[in-house]
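Colleague: Sequence and predicted structure are below.
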Amino acid sequence: MNEHLSLGSTGESLAADWLREKGYTLLARNFRWGKTEIDIVATRGEWLHIVEVKTRSSTAWGPPEQRVHSHKMRVLQRAAGALLHLSKRKWIQYDIIAITWKKGEAPLIELIEDVT
């Protein structure tokens, strides 16, 4: 696996553990609906959380969350509609976990909530 993919996969695992520690219940990782992949599907209370994880080793090209474009959000919203129905939840929220993990340093994890 190349370094880029390995960093992304490791970041998703780190994000999943972090969410569990914060009281979220994980329903799925890398959930596929058609061609769309949702990194993490979780619940907390009555809310269904659709979480996009972005991990970067540098902020030279901007923070990780800047890589979540409006097109990606529209695609996630379509896929999440099916999940909302299946999960029987009333409320849905789109979140981003931005991880900056510079070599030799502890990862910086930031939750950006309610992104639309």
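Modeller: Arrived safely. Keep in mind it's a predicted model, so treat the numbers as computed, not measured. Numbering: from 1, shown residues only.
Colleague: For this structure, which segments count as strands?
Modeller: Taking DSSP state E, the strands of the chain run over residues 25-33, 36-44, 47-56, 91-100, 108-112.
Colleague: between those, which gets nearest to Leu7?
Modeller: Closest to Leu7 of these, according to C-beta to C-beta: strand 47-56, at 5.4 Å. Just so you know, the C-beta spots here come from the backbone N, C-alpha and C atoms, and that holds for glycine as well.
Colleague: sorry, back to before: just name the most buried of the strands of the chain.
Modeller: Ranked by mean neighbour count, the strands of the chain are led by strand 47-56 with a mean of 23 (mean count of other C-beta atoms under 10 Å).
Colleague: Pairing partners for it, with directions?
Modeller: Paired strands of strand 47-56, with direction, are strand 36-44 (antiparallel), strand 91-100 (parallel) (DSSP bridges).
Colleague: tell me the centre residue of this structure?
Modeller: Glu52 (2.4 Å; C-alpha atoms, centre = their mean).
Colleague: Pretty sure it sits against Gln77.
Modeller: No: with contacts counted by C-beta atoms under 8 Å, Glu52 stays clear of Gln77, the gap being 11.4 Å.
Colleague: what residues are shared contacts of the two?
Modeller: Common neighbours of Glu52 and Gln77 (criterion: C-beta atoms under 8 Å, 6 or more residues apart in numbering): Tyr94.
Colleague: which secondary element of this protein has the worst mean pLDDT?
Modeller: Of all helical and strand segments in the chain, the minimum by mean pLDDT, DSSP states H and E falls on helix 70-87, at a mean of 86.
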